[in-house]
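Peer 1: Here is the input, now give the coordinates:
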Amino acid sequence: MRLLIILGAGGHTKQMLRLVELLGPGYDYHYVIADYDDLSEHKIVQPGRVHRILQPREKVRGETDSLPRVLRKLPVALSQAWRILSAARPDAVIGAGPSLQIPIALAARLRRVPVIFIETASRVESLSLTGRLIYRYRLADRFYVQWEQPLQRYPRARYAGRLL
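Peer 2: Residues are numbered from 1 along each chain as shown. Coordinates of the predicted model:
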């Protein structure tokens, strides 16, 4: 089975690499990393092809991209996501919440590739913006939270414990 694993910077990468560690070597892994991320690729233990993508919404020095900037970047990221899915041909896409998951999830839905979304462990009470968008627009076939509290507000979510 071929899995496309979406890595984000920092905690997102750590959580997904923990999941890959739990899944073990029995899969053909492909990884998606933001084009600016120079650290995540070096943390990968299970080998697999690495794909780069423009992150539609970035936080730089505490500032978040404006909506017009995000809307300008989104078509580029969608095009890159489509090419990544064409190259990887995954059986499933799995990610833990970075904004680059949005274009990948959109392209995966269009290609009928199952999407598994895992809300980042730092979101105890509520969902991240990425989580809210994925949940609201039903961009994931499976939607997991790592804490039980969000289940009250998001009944389609599932709790299966924490990755870290």
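Peer 1: CA only for contacts and neighbour counts going forward, please
Peer 2: Fine.
Peer 1: for the spatially most central residue of the chain, phi and psi?
Peer 2: By Cα atoms, centre = their mean, the chain has its centre lying nearest to Gly95, at 3.0 Å. In terms of degrees, to the nearest 10, the main-chain angles of Gly95 are phi -150, psi 160.
Peer 1: list the contacts for it?
Peer 2: When contacts are counted by Cα atoms under 8 Å, 6 or more residues apart in numbering, Gly95 touches Ile5, Ile6, Leu7, Met16, Gln101, Ile116, Phe117, Ile118.
Peer 1: Could you check how far it is from Gly11?
Peer 2: 12 Å (Cα to Cα, to the nearest Å).
Peer 1: thinking again about what came up before, any idea how far the residue nearest to the residue nearest to the centre of the chain when sequence neighbours are not counted lies from Ser66?
Peer 2: Nearest in space to Gly95, with sequence neighbours left out and distances taken as Cα to Cα, 6 or more residues apart in numbering, is Ile6 at 4.6 Å. Computed as Cα to Cα, the Ile6 to Ser66 distance reads 23 Å.
Peer 1: Tell me which of those two has more neighbours.
Peer 2: Neighbour count, other Cα atoms under 10 Å: between Ile6 and Ser66, Ile6 has more, with 26 against 10.
Peer 1: Any idea what the more buried one is bridged to?
Peer 2: Val32, Gly95 (DSSP bridges).
Peer 1: Just list the residues touching it, thanks.
Peer 2: Thr13, Met16, Tyr31, Val32, Ile33, Val93, Ile94, Gly95, Ala96, Leu100, Gln101.
Peer 1: again, only this time at 10 Å
Peer 2: 12-13, 16-17, 30-34, 50-51, 93-98, 100-101, 104, 117 (Cα atoms under 10 Å, 6 or more residues apart in numbering).
Peer 1: just to revisit the earlier point, and for Gly95 and Gly11, which residues touch both?
Peer 2: Residues touching both Gly95 and Gly11 (Cα under 10 Å, 6+ apart): Thr120.
Peer 1: roughly how far apart are the residue nearest to Gly95 and Pro75?
Peer 2: Counting by Cα to Cα, the separation of Ile6 from Pro75 is 18 Å.
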